[in-house]
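>>> Mind folding the following:
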Amino acid sequence: MTPADHSGNHHCESCRVRSSRRDFLKLAIAAGVWPRLGGLDLGSVFTDERTAWYRAAKFGMFIHWGPYSLASIEASWPIMVPKPGGLSEAEYRDLPKKFNPTKFDPHALVDLARSAGQKYMVFTTKHHDGFCMFDTSYTDYKITNTPYGKDIVGQLSAVCQQKGMPLGFYYSPPDMHHPAFRDTSQPAARNWHGEPMRPEWPLYLDYMQLQLTELLTKYGPVVLIWFDGLNDQQKYDGRRFFELIRHLQPMTLVNDRIGVSGDYETPEQFIPKAIPTKEVRFNAVDTSIQQKLKPGVPKPEDFQLWETCMTINNTWAYNMHDREFKSAQFLIRGLVEVASRGGNFLLNVGPQPDGGIQPEFQERLHAIGEWLSVNGESIYGTTYGPVQGVSSIRTTRKDNQVFVHVFDWPSGPLDVIGLEPKVTSARILATGQVLRFSQTEARLEINVPPQAPDPNVSTIALNTL
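You can find the predicted model right below:
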């Protein structure tokens, strides 16, 4: 059903919107990501009902998966920017003929995310190569035309709804397979940016609309659409697709990669050095934006909602040769770093060709989950902390609590400079041990035990007036 089918039926439309909102709220509550920020004096971004679940969730699982996993290569890029001796475009195109992930278990994948403490999942429904992991009616280049033959997105969506796991969809506006996106008689390396000046271009935008309509009408509540428009994003007429998404699922969030400002920004593979604000717009992988960020704590109305996406090794897709895994401590500290600046952390896994998750990823996800099982109170439902720019600590805030995450455990008392609220009590979150402290206008001194309670990050919970 397309948006035009509802144009003359206002009663049906209002029922659908109410039903969408009701289903969405049920999912958010079931997942335990409805926020408790009522005690904070915050601006509009912090009282927006649409973003409430997202602000509370903090930690999600990104999933990049497709036939490219068979070749241990990155998704799409080997045909867009080929390297000498690499897979040819014809060989890449033939990979779906051998794709048969018989060990794919959506229950196990959702359970893994849950065990890691992740509160939402984002799945790649279509990457830049144009291959669809869902049973679309508008191309044959899809998962149901492989030896596997079943709708991966449909299976995952059903299990996510059953288990109360919010699910969002990555959808790539670039499409190397579609003849209206580019002249497919040419190698993708020559025209992978797309060719909007060709008369076929409007047909491609219609194709995008048809597929997004499928994703937003066939697979239940979709908590977000994660576009990845690469460069020259204005060619996609992003406003058109924002309006489509708002029409079909009004509660669905949209990121910033289709040429118009979205609900949140998406720095990639790096964490902003200061709290993002609305006056600075990120450009995905452009780390030079860091120079424009101002240190300190912004006014709530100036805060920009954001999410860092990051890999566990160096590649988004499964690559048996990439053994440069980030440590569990690095990832836990990355999560804390992100939360301390008010952001979300979307950590990627690339499933293996058979559908399983490699043990190195599982080990790190379980380690993060173990840390969150003790320290989750200091992450979920929090916002950026009142003390910023101190190398040894990171802070988050929720209601009348401030959480001090200690990266470098001191040999003597812990000094916290610049905390304005009056502290009434202090305790170690992991053990419940009550700590003695003294506070002046400029300084809080906390008497801590000689050994750090946690080798990754130790958390001290402060109650304040």
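>>> which is the next helix or strand following the lowest-mean-pLDDT helix or strand in the chain?
Using mean pLDDT, DSSP states H and E, helix 10-30 stands out as the lowest-scoring helix or strand of the chain, at a mean of 55. Going down the chain from helix 10-30, the next helix or strand is helix 49-57, by DSSP states H and E.
>>> looking at this, residue 244 is in a helix?
Yes. According to DSSP: H, G, I helix; E, B strand; the rest coil, residue 244 belongs to a helix.
>>> mind checking how far it is from residue 342?
Residue 244 is 29 Å from residue 342, where distance means C-beta to C-beta, to the nearest Å. Where you see a C-beta, it was placed from the backbone N, CA and C, and this is true even at glycine.
>>> Then residue 221?
For residue 221, the distance to residue 342 equals 25 Å [C-beta to C-beta].
>>> do the same with residue 86
Look at residue 86 and residue 342: by C-beta to C-beta, they are 40 Å apart.
>>> Also residue 97?
On the measure of C-beta to C-beta, residue 97 and residue 342 end up 46 Å apart.
>>> Quick check on the residue nearest the centre of the chain: phi, psi?
In the chain, the centroid-proximal residue (C-alpha atoms, centre = their mean) is residue 346; its distance is 3.6 Å. Phi and psi for residue 346, reported as degrees, to the nearest 10, are phi -110, psi 100.
>>> Just give the closest residue to it, not the sequence neighbours.
residue 309 (4.3 Å; C-beta to C-beta, 6 or more residues apart in numbering).
>>> Can you name the residues that contact the one you found?
Contacts for residue 309 were tallied using C-beta atoms under 8 Å, 6 or more residues apart in numbering; they are 62, 266, 267, 268, 269, 346, 347, 348.
>>> Mind doing that once more with 6 Å?
62, 268, 346 (C-beta atoms under 6 Å, 6 or more residues apart in numbering).
>>> secondary structure class for the first one?
Reducing the assignment to helix, strand or coil with three-state DSSP, the entry for residue 62 is strand.
>>> Run through the stretch 151-300 of the chain and note the low-pLDDT ranges.
283 (pLDDT under 70).
>>> Break down it into its helices, ranges please.
Ranges of helices in the stretch 151-300 of the chain, per DSSP state H, counting those that start in this stretch, are 152-163, 188-191, 201-217, 238-248.
>>> Rebuild those helices as TSV, extending it with distance to residue 300 and mean neighbour count.
Below are the helices of the stretch 151-300 of the chain laid out as TSV (distance: least, C-beta to C-beta, whole Å; neighbours: other C-beta atoms under 10 Å):
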stretch	distance to residue 300	mean neighbour count
helix 152-163	32	20
helix 188-191	45	16
helix 201-217	31	18
helix 238-248	24	17
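>>> how about these in a markdown table, adding distance to residue 121?
Below are the helices of the stretch 151-300 of the chain laid out as a markdown table (distance: least, C-beta to C-beta, whole Å):
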| stretch | distance to residue 121 |
| --- | --- |
| helix 152-163 | 7 |
| helix 188-191 | 29 |
| helix 201-217 | 14 |
| helix 238-248 | 18 |
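>>> residues of the helix or strand hosting residue 110 that come out buried?
Element membership for residue 110, per DSSP H and E: helix 106-115. For helix 106-115, the neighbour count (16 or more other C-beta atoms under 10 Å) marks 106, 109, 110, 112, 113, 114, 115 as buried.
>>> could you check the angle helix 152-163 makes with the helix or strand just after that helix?
For helix 106-115, the succeeding helix or strand toward the C-terminus, using DSSP H and E, is strand 120-126. Going by axes from the mean of the first three to the mean of the last three C-alpha atoms, to 10 degrees, strand 120-126 is angled at 160 degrees with respect to helix 152-163.
>>> Which elements pack onto strand 120-126?
strand 59-63, strand 167-171 (3 or more C-beta pairs under 6 Å, 6 or more residues apart in numbering; DSSP states H and E).
>>> how distant is it from the center of its chain?
Between the centre of strand 120-126 and the centre of its chain there are 9 Å (C-alpha atoms, centre = their mean, to the nearest Å).
>>> now residue 84, what's its secondary structure?
Classified using three-state DSSP, residue 84 is coil.
>>> Same question for residue 307.
strand.
>>> Return the distance of residue 345 relative to residue 89.
For residue 345, the distance to residue 89 equals 35 Å [C-beta to C-beta].
>>> Among these two, which residue is more densely surrounded?
Applying other C-beta atoms under 10 Å to residue 345 and residue 89 shows that residue 345 carries more neighbours, namely 24 against 17.
>>> Would you agree that one falls within a helix?
No. The assignment for residue 345, made by three-state DSSP, is strand rather than a helix.
>>> follow-up on the earlier one: now what about the helix holding residue 110, what contacts it?
Residues outside helix 106-115 that contact it (C-beta under 6 Å, 6+ apart) are 61, 121, 155, 156, 159, 163, 165, 366, 369.
>>> rerun that using 7 Å as the cut-off
Here helix 106-115 makes contact (C-beta atoms under 7 Å, 6 or more residues apart in numbering) with 61, 121, 155-156, 159-160, 163, 165, 357, 362, 365-366, 369.
>>> would JSON lines of the residues you listed with distance to residue 328 be doable?
Putting the contacts of helix 106-115 into JSON lines (distance: C-beta to C-beta, whole Å) gives the following:
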{"residue": "61", "distance to residue 328": "16"}
{"residue": "121", "distance to residue 328": "20"}
{"residue": "155", "distance to residue 328": "29"}
{"residue": "156", "distance to residue 328": "26"}
{"residue": "159", "distance to residue 328": "26"}
{"residue": "160", "distance to residue 328": "25"}
{"residue": "163", "distance to residue 328": "25"}
{"residue": "165", "distance to residue 328": "22"}
{"residue": "357", "distance to residue 328": "15"}
{"residue": "362", "distance to residue 328": "11"}
{"residue": "365", "distance to residue 328": "9"}
{"residue": "366", "distance to residue 328": "9"}
{"residue": "369", "distance to residue 328": "10"}
